[in-house]
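Chemist: sequence and predicted structure below; questions after.
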Amino acid sequence: MRVLVVTAVAAEADAVLAGLADAPGAAPATAPRPLPGGRTVTRGLRAGDAPEAQGLVDVVAGGVGPAAAAVGAACALAAEPVPYDLVVAAGIAGGFPAHARPGGLVVADALVAADLGAQAPEGFLPVEELGFGRSVHLPPPGLAARIAAAVTHPPAGLPVAVGPVLTVATVTGTAARAAELAGRHPRAAAEAMEGFGVAEAAAAYGVPVVEVRAVSNTVGPRDRAAWRIGDALAALRTAFRTLGATVFLEKL
Ligand SMILES: O=C(O)c1cccc(C(=O)CC[C@H]2O[C@@H](n3cnc4c(=O)[nH]cnc43)[C@H](O)[C@@H]2O)c1
């Protein structure tokens, strides 16, 4: 499978690349290739001589927020002469405590633009109800479950939740906002800031998308001291080591 992984920042891309480098049979990463806006894309995995077990994974840090992420993903998609089979939005995230805890992983079964719409006296109206656009992208059927199964089992052994990942332009920092989002999206397992933007770029190129997030903090009142970014980056590395040796070598 030819895979493009899009993170927000370099620390996330480095964790993904480190995991891919750990994957058994991986060839060393190639030198980063330049993209517009100072971005670079790095080939982190080239695996398998046999046609049935070939894998290639490129990694780009597109930028923080849905707009930067969409641009970063689109630049990488445009630069690759042979189409990718899958785009993966990846990075750290806030976990909704009913579903996901810091140190665990979330795999999106829906990538949802949670603040794309309009406020109204009766509540939030998504763009679909306004009559234009879309606020949800879905991964290929069964893919989120396949990824979750791969990273749950040993040797990765990560706690994994499958559910919608919300894309927001503002990090949630109050109990009221957390409750509002959870009320509108009761199955939401995590919130982050890029997935829907990455999905829009992938859709423009006709490439399927999925989102994989390692939970660094709980969605709720802002408590910066409680963020476990190191643990989340370690979980991201573990997840991509396993994915580089399993799902990314398979057919979609
Ligand atoms: O210190 C803060 O309160 C703060 C305010 C704004 C942004 C940050 C970030 O660290 C950037 C967020 C970055 O990481 C992802 N992320 C991680 N946790 C969350 C979350 O709870 N809600 C939304 N995004 C989150 C996000 O995808 C960004 O790339 C810190």
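Modeler: That came through, no problem. Numbering: from 1, shown residues only.

Chemist: how many residues are close by whichever residue of the stretch 1-150 of the chain sits closest to the ligand?
Modeler: Nearest residue of the stretch 1-150 of the chain to the ligand, counting by CB to the nearest ligand atom: residue 94, 2.2 Å away. Just so you know, the C-beta spots here come from the backbone N, C-alpha and C atoms, and that holds for glycine as well. Residues lying near residue 94 (other CB atoms under 10 Å) number 27.

Chemist: run through the bridge partners of it.
Modeler: Beta-bridge partners of residue 94, counted by DSSP bridges, are residue 191, residue 217.

Chemist: please name the nearest non-neighbouring residue to residue 110.
Modeler: Spatial nearest neighbour of residue 110, chain neighbours left out: residue 164 (4.1 Å); criterion: CB to CB, 6 or more residues apart in numbering.

Chemist: could you verify that that neighbour is part of a strand?
Modeler: Yes - assigned with DSSP: H, G, I helix; E, B strand; the rest coil, residue 164 falls within a strand.

Chemist: residue 174 contacts residue 219, doesn't it?
Modeler: No - judged on CB atoms under 8 Å, residue 174 makes no contact with residue 219 at a distance of 10.2 Å.

Chemist: so between the two, which is more surrounded?
Modeler: Legend: neighbour count by other CB under 10 Å for residue 174 and residue 219, higher for residue 219 (28 against 11).

Chemist: can you give me the distance of the more buried one to residue 182?
Modeler: Remark: distance between residue 219 and residue 182 (CB to CB, to the nearest Å) = 8 Å.

Chemist: joint contacts of the two?
Modeler: residue 96 (CB atoms under 8 Å, 6 or more residues apart in numbering).

Chemist: before we move on, back to that, can you report how many residues lie near the residue nearest to residue 110?
Modeler: By other CB under 10 Å, the residues close to residue 164 number 25.

Chemist: distance of it from the ligand?
Modeler: Going from residue 164 to the ligand by CB to the nearest ligand atom, to the nearest Å gives 14 Å.
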